[in-house]
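Student: Prediction below, plus the sequence it came from.
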Amino acid sequence: MTHLNNRRELLRLLALSAGAWGLTAPFTTPSALAQSKDKATSAAPSKPLDQLRIGYQKSAVNLVILKQQGVLEKRFPATKVSWIEFPAGPQLLEALSVGALEFGLTGDAPPVFAQAAGKDLYYVGAEPAKPESSAVLVLQDSPIKHLADLKGKKIALQKGSSAHYLLVRAVEKAGLQWADIQPIYLTPADARAAFERKSVDAWVIWDPFYAATELALPTRVITTGVGLSGNNSFYLSSTALAKQHPEVLLALFEELSRADRFVQEHRPEAIKLIADFSGLDAGVVSLFLKRRPRSPVGLLTADAATSQQQVADAFARLSLIPKPVRVSDIVWRFAR
């Protein structure tokens, strides 16, 4: 009975912290999470977590810092922690949905496509928006000067990624129809090659690929996400992890927020850690981080779910997903 009461207390505290920032930001404050954590330390899962498989991308700064520092292996000594890198969010969520992962981070579009395809997952957390961290790029000598010039052009992007939503919004802003452009769906690596060969006219991409291309090639930015897309980042989990181990998610958010503080307060060391992991030049990492705001991690809020619903509705209007979805259906809610 004591264990059951402890578990209920943990879930109640999580719910309170989620509501504390519900109308002002896509995440709760780290302090709210810390307060919940302090009161929930006595709560333990009914069965220890045997393994924690984490999906990440090069853009997942907080996760990369935790990986490079070995933080989670120390935090969860009885759990086998594994790290699997993915080129983009859609591939990561496919792995999560088939039971190959427990936890991961993606941009705004991947979970919309996953939900529309009937995949089994939960939105569990969020980072602040990063609209300057993605862009529509062209080569310096391109005749494309404005968004309206994209009409009839071949545009490379990762299908179902945050870049997909940015392009949807850019096309709308230009007064064009989706049928007016030629989307070419490629992974970031293949898109970079096609962009360099001039096999495509433009490329919609996010950091650090965006920063790496800017520093390696003569490019121009037609638009960033500012005013178009928040380029929001969401933490997704398996339903089993969310339902059976809420205290693990709380601990993850605490460590992820601590990693973000490390990035802000120890920038040279953070750049080296990320560069060593990714193989990217330190200058690329520095530019990437310069565009990235402070990114503490916290629980998803009603405001964030509303913003994400707008993303889902935009894809549904264009029939880019097979059916409309209701984002709130897969937002993790805490039992009181």
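Tutor: Good, I have the coordinates.

Student: Return the residues in contact with Arg292.
Tutor: Arg292 makes contact with Val61, Lys130, Ser133, Asp207, according to CB atoms under 8 Å, 6 or more residues apart in numbering. Every residue, glycine included, has its C-beta placed from N, CA and C.

Student: Report the residue ranges of every domain in this structure.
Tutor: Residue ranges for each domain of the chain read 2-130+232-330, 132-224, as given by automatic domain parsing.

Student: if we can go back for a sec, quick one: which of the contacts of Arg292 is most hemmed in?
Tutor: When neighbours are counted by other CB atoms under 10 Å, Val61 leads the contacts of Arg292 with 28 neighbours.

Student: Look at the closest residue to that one other than its chain neighbours and tell me its secondary structure.
Tutor: Computed as CB to CB, 6 or more residues apart in numbering, the closest residue to Val61 that is not its neighbour in sequence is Val263, at 6.0 Å. Assigned state for Val263: helix (three-state reduction, DSSP: H, G, I helix; E, B strand; the rest coil).

Student: in terms of contact, does Val263 touch Leu289 like I think?
Tutor: Yes: if you go by CB atoms under 8 Å, Val263 and Leu289 touch, sitting 6.7 Å apart.

Student: which neighbours do the two share?
Tutor: Residues touching both Val263 and Leu289 (CB under 8 Å, 6+ apart) are Val61, Ala270.

Student: Please identify which helix or strand holds the residue lying closest to Leu228 once chain neighbours are set aside.
Tutor: Once flanking residues are discounted, Leu228 sits nearest to Arg169: 4.0 Å by CB to CB, 6+ apart. In this structure, Arg169 is located in helix 162-173 according to DSSP states H and E.

Student: Buried ones in that helix, by neighbour count?
Tutor: Neighbour-count burial for helix 162-173 flags Ser162, Ala163, His164, Tyr165, Leu166, Leu167, Val168, Arg169, Ala170, Val171, Glu172 (criterion: 16 or more other CB atoms under 10 Å).

Student: Among those, which one lies nearest to Ala305?
Tutor: Top of the list for closeness to Ala305, among those and by CB to CB, is Tyr165 at 15.7 Å.

Student: ok so, going back, hey, least reliable of the domains of the chain by pLDDT?
Tutor: Looking over those, mean pLDDT reaches its minimum on domain 2-130+232-330, with a mean of 84.

Student: Would you map the helices across this protein?
Tutor: Applying DSSP state H to the chain gives helices spanning 2-20, 30-40, 61-69, 71-75, 89-97, 109-116, 162-173, 188-197, 209-216, 239-244, 246-265, 267-278, 282-290, 302-317.

Student: Nearest approach to Val138 belongs to which of those?
Tutor: Here helix 188-197 is closest among the helices of the chain (CB to CB), at 8.8 Å.

Student: Check the burial of the closest residue to Val248 other than its chain neighbours by counting its neighbours.
Tutor: Distances taken as CB to CB, 6+ apart place Leu49 nearest to Val248, at 5.7 Å, with adjacent residues excluded. Leu49 has 18 neighbouring residues, counting by other CB under 10 Å.

Student: Confirm for me that Leu49 is in contact with Thr79.
Tutor: Yes: judged on CB under 8 Å, Leu49 makes contact with Thr79 at a distance of 4.9 Å.

Student: shared neighbours of those two, which are they?
Tutor: By CB under 8 Å, 6+ apart, no residue touches both Leu49 and Thr79.

Student: Quick one: neighbours of Gly279, just the number.
Tutor: Gly279 has 8 neighbours, counted by other CB under 10 Å.

Student: For Lys290, see how far away the residue nearest to Pro296 when sequence neighbours are not counted is.
Tutor: In space, not counting the residues next to it along the chain, Pro296 is nearest to Ser257; the distance is 4.2 Å by CB to CB, 6+ apart. Applying CB to CB, to the nearest Å, the value for Ser257 to Lys290 is 20 Å.
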